[in-house]
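> Following is a predicted model, sequence given first.
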Amino acid sequence: MNVIEFTNSSAVAKVGIDQEESQVGVAFTSNPEKYYMFQCDNVDGFVESLNKTVSEEESVGKFISQLRKDGTLVAV
C-alpha cells in the first residue's frame, strides 16, 4: 500500500492506496495507526483528485467526507 501523510490536516493523518485491491485506507489524526478501508472503483481518479485538493490547499477531511457521501468511497 502506498501511503501519503498529511502534516497540515486537522482530520486526516494519512491515506493509503492499494491499487491491486481497488481500496483506499484513511487514518484520522485521532488514531493515526488505524486505517478505515474503503472500496474505490476509480483509484487513479481518486489519487488525481486528492493531489489536486492538496495542491490547492483545500481541506482533505472535507474531500474524504464528500467522496463517502457521494458513494465514491464505500466502507468495506
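On my side now, so go ahead. Numbering: from 1, shown residues only.
> mind listing the strands for the chain?
2-5, 12-18, 23-28, 36-39, 74-75 (DSSP state E).
> Mean neighbour count and distance to residue 49 for these - can I get that in CSV?
C-betas here are computed from N, CA, C, even on glycine. Putting these into CSV (neighbours: other CB atoms under 10 Å; distance: least, CB to CB, whole Å) gives the following:
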stretch, mean neighbour count, distance to residue 49
strand 2-5, 12, 13
strand 12-18, 19, 12
strand 23-28, 20, 11
strand 36-39, 16, 14
strand 74-75, 11, 16
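> Just tell me which of these ends up closest to residue 51.
Among those, the nearest to residue 51 by CB to CB is strand 2-5 (8.8 Å).
> where does the protein dip in pLDDT?
Counting by pLDDT under 70, the chain contains no low-confidence segment.
> Would you mind finding the longest helix in it?
Taking DSSP state H as the criterion, the chain has its longest helix at helix 43-55.
> Please identify the buried residues of that helix?
Buried residues in helix 43-55, counted by 16 or more other CB atoms under 10 Å: 43, 46, 47, 50, 53.
> In a markdown table: the strands of the chain, plus distance to residue 59.
Listed next are the strands of the chain as a markdown table, based on distance: least, CB to CB, whole Å:
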| stretch | distance to residue 59 |
| --- | --- |
| strand 2-5 | 15 |
| strand 12-18 | 9 |
| strand 23-28 | 13 |
| strand 36-39 | 17 |
| strand 74-75 | 20 |
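> coming back round to it: can you tell me which of the buried residues of helix 43-55 comes closest to residue 5?
Once CB to CB is applied, the member of those that ends up nearest residue 5 is residue 50, at 12.4 Å.
> Sounds good, over and out.
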